[in-house]
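1. This is the structure alone, sequence omitted:
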């Protein structure tokens, strides 16, 4: 609680707007509730008869060793006359803590909820690879909604109805092909399936299949730096503060004993520098305009909505291709090719990983199908099967990737705090320096938006600071 004050006089008046470094005269310290600052005489008043002053009151907590001023009040153009007396009452108002410095922010975004329909369709296809890989890859090959019937005439052998193909409604050889893919899938998941336990491998998709949840908690790290403090109105003009978004963090806990980890919160986290992401060819940086607002309790920071060169589609695509796919289907540590692209995923599901580097997967797939089914009197040919495989690996993979990257070709990503919900600022150690924005248990909200072909997409996001200096 403020309990100690000191009063300074500045001769000439008009000093409250820009207080000079040196006062004309100062009082001694006194207790705010019971004391007053008094002058029996003022320098030169006897000769000049009339003087004008600006009066500044500084208030602090008496137990503070550094006597850090926490509140002040000022009154301009106070006139005093020789031989008379003048009583002036000044209210001390809180001084805004300093925001100057750097703040490490942790932001979490829901990358998939509310996506434009054409993009959501593709994301759901990709999520399907983690939930039902066999059925999903055949739908991508044959469903007309996914860039046309990529597999051509081969799809008539797979599905009973090529106009409306459905998993489980198989054509002449659909059941055989799904059996081939299922067997390969168990091999891809070998490191998660000790021995031959189909039930255990099935359970993997209960844990790993909810990739949608992973993409709904997509974390980005950034640094907000303010080079100076706010003005008397709390304004931080454009360029005073800037942000640098530098790290992507995903959490993959399958196969890990996070409950017994020394730090369960960070168990399974995978962090990568933003500039290492394909399609992000420059630092994600922005100057920001903000205002510190007096609130109850304390202060809040309102960040104006501003453009950010964040490649949103590239982030989603990178998370899936370069992190999630290799985590489940093979990261190359066993000596075989890593599954870190849609093309590799298609090849691996149809023919296994051993053929990826040699480029023979579609031939291997065709031969394995014919070995199981025969050629039906020459109607089912190796060329037909391998051609469908090649088309899927090229056109299908391109369709998935380009749809996601298309998010970045329309307009810039806009971000700020909601107009009616600025971010709570904290001075936890009470040293007149803000040391936190929000908290882990009560994060601040982002107001983000992206215009995709006239469809306004508003990804949900929150943030809080993890440290400051």
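-> It's in. Just so we're clear, the structure is a prediction, and the values are computed from it rather than from any experiment. Numbering: from 1, shown residues only.

2. which parts of stretch 440-450 are buried?
-> Of all the residues in stretch 440-450, those buried under the rule 16 or more other C-beta atoms under 10 Å are 443, 444, 446, 447, 448, 449, 450. Every residue, glycine included, has its C-beta placed from N, CA and C.

3. all strands for the stretch 51-200 of the chain, in order.
-> 71-81, 93-94, 101-109 (DSSP state E, counting those that start in this stretch).

4. Name the nearest residue to residue 25, sequence neighbours excluded.
-> Spatially, and ignoring its direct neighbours in sequence, residue 25 is nearest to residue 9 (5.1 Å; C-beta to C-beta, 6 or more residues apart in numbering).

5. Local confidence estimate at the one you found?
-> At residue 9, the model reports a pLDDT of 94.

6. Downstream of the helix or strand hosting it, the next helix or strand is which one?
-> Assigned by DSSP states H and E, residue 9 falls within strand 4-11. Sequence-wise, the next helix or strand downstream of strand 4-11 (DSSP H and E) is strand 25-26.

7. And for the helix or strand just after that next one, what's in contact with it?
-> Proceeding C-terminally, strand 25-26 gives way to strand 30-31 as the next helix or strand, assigned by DSSP H and E. Applying C-beta atoms under 8 Å, 6 or more residues apart in numbering, the external contacts of strand 30-31 come out as 3, 4, 5, 6, 36, 37, 62.

8. Please state the offset of strand 30-31 from the chain centre?
-> Distance of strand 30-31 from its chain centroid, counting by C-alpha atoms, centre = their mean, to the nearest Å, is 50 Å.

9. Okay, now the sheet partners of it, with direction.
-> Sheet pairing of strand 30-31 (DSSP bridges) gives strand 4-11 (antiparallel).

10. Quick one: work out the angle between the partner strand and strand 71-81.
-> Calculated by axes from the mean of the first three to the mean of the last three C-alpha atoms, to 10 degrees, strand 4-11 forms an angle of 40 degrees with strand 71-81.

11. SS state for residue 315?
-> helix (DSSP: H, G, I helix; E, B strand; the rest coil).

12. Check the one 4 residues further on too.
-> Under three-state DSSP, the three-state class of residue 319 is helix.

13. Is it correct that it is in contact with residue 216?
-> No. Counting by C-beta atoms under 8 Å, residue 319 does not reach residue 216; the two are 11.4 Å apart.

14. the more surrounded of these two?
-> Taking neighbours as other C-beta atoms under 10 Å, residue 319 and residue 216 compare with residue 319 leading, 22 against 16.

15. got a list of what that one touches?
-> Taking C-beta under 8 Å, 6+ apart, one finds 111, 214, 215, 218, 248, 250 in contact with residue 319.

16. likewise residue 441?
-> With C-beta under 8 Å, 6+ apart, residue 441 has no contacts at all.

17. how close does it sit to residue 424?
-> As judged by C-beta to C-beta, to the nearest Å, residue 441 and residue 424 stand 12 Å apart.

18. still on that earlier bit, just to check, the residue nearest to residue 25 is in contact with residue 24?
-> Yes. Contact criterion C-beta under 8 Å: residue 9 and residue 24 qualify, at 5.1 Å.

19. Neighbour count: the two, which is higher?
-> A count of neighbours by other C-beta under 10 Å puts residue 9 above the other of residue 9 and residue 24, at 21 against 17.

20. if I pick residue 37, what's in contact with it?
-> Neighbouring residues of residue 37 by C-beta under 8 Å, 6+ apart: 5, 6, 7, 27, 28, 30, 57.

21. Let me know the closest of the residues you listed to residue 257.
-> Taking C-beta to C-beta as the measure, residue 257 sits nearest to residue 5 out of the contacts of residue 37, at 59.1 Å.

22. can you count the residues close to the closest one?
-> Residue 5, neighbours per other C-beta under 10 Å, totals 25.

23. for it, what are its contacts?
-> 29, 30, 31, 32, 35, 37, 57, 58, 59, 60, 92.

24. Check those against residue 179 and report the nearest one.
-> Relative to residue 179, the closest of the contacts of residue 5 is residue 60; by C-beta to C-beta it sits at 79.2 Å.

25. distance of that closest one from residue 22?
-> The value you get for residue 60 to residue 22, if C-beta to C-beta is used, is 20 Å.

26. Those two - which one has more neighbours?
-> residue 60 (23 against 7).

27. wait, doesn't that one sit right on residue 92?
-> No. The criterion here is C-beta under 8 Å, and residue 60 misses it with residue 92 at 9.4 Å.

28. okay, and the common contacts of those two?
-> Contact criterion C-beta under 8 Å, 6+ apart; residues shared by residue 60 and residue 92: 2, 5, 71.

29. which one of these is nearest residue 127?
-> residue 71 (55.0 Å).

30. what sits against that closest one?
-> So residue 71 contacts 2, 58, 59, 60, 92, 93, 94, 95 (C-beta under 8 Å, 6+ apart).

31. Give me the buried entries from these.
-> Of the contacts of residue 71, these count as buried by 16+ other C-beta under 10 Å: 58, 59, 60, 92, 95.

32. quick one: contacts for the last one?
-> Contact partners of residue 95, counting by C-beta under 8 Å, 6+ apart, are 69, 70, 71, 72, 432.

33. so how far does stretch 244-258 reach from one end to the other?
-> End-to-end distance for stretch 244-258, by C-alpha to C-alpha, to the nearest Å: 30 Å.

34. Show me which residues of it are buried.
-> 244, 245, 246, 247, 248, 249, 250, 251, 252, 253.

35. same check, this time on stretch 85-93
-> Buried, per 16+ other C-beta under 10 Å, within stretch 85-93: 90, 92.

36. and it, how far apart are its ends?
-> For stretch 85-93, the separation between the terminal residues is 26 Å (C-alpha to C-alpha).

37. How far off centre is that stretch?
-> Stretch 85-93 sits 50 Å away from the centroid of its parent chain (C-alpha atoms, centre = their mean).

38. contact partners of it?
-> Under the contact criterion C-beta under 8 Å, 6+ apart, stretch 85-93 has outside partners 2, 5, 7, 32, 55, 57-59, 71-75, 78-80.

39. Closest to residue 148 out of those residues?
-> The shortest approach to residue 148 among the contacts of stretch 85-93 belongs to residue 71, at 70.3 Å (C-beta to C-beta).

40. how close does the closest one get to residue 223?
-> Taken as C-beta to C-beta, the span from residue 71 to residue 223 is 31 Å.

41. now residue 93
-> Plainly put, residue 93 is 32 Å away from residue 223 if you go by C-beta to C-beta.

42. Repeat that for residue 316.
-> Distance from residue 316 to residue 223, by C-beta to C-beta: 23 Å.

43. For the buried residues of stretch 244-258, which two are the farthest from each other?
-> Spatial extent of the buried residues of stretch 244-258 (C-beta to C-beta) is set by the pair 244 and 253 at 28.5 Å.

44. Nearest spatial neighbour of residue 2, chain-adjacent residues omitted?
-> Closest to residue 2 by C-beta to C-beta, 6+ apart is residue 59, at 4.7 Å.

45. What residues does the one you found make contact with?
-> Applying C-beta under 8 Å, 6+ apart, we find residue 59 in contact with 2, 4, 5, 32, 69, 70, 71, 72, 73, 92.

46. I'd like these as CSV, with distance to residue 467 and pLDDT appended.
-> Formatted as CSV, the contacts of residue 59 follow (distance: C-beta to C-beta, whole Å; pLDDT from 0 to 100):
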residue, distance to residue 467, pLDDT
2, 29, 84
4, 32, 89
5, 35, 91
32, 35, 84
69, 27, 86
70, 24, 86
71, 28, 89
72, 30, 88
73, 34, 91
92, 32, 85
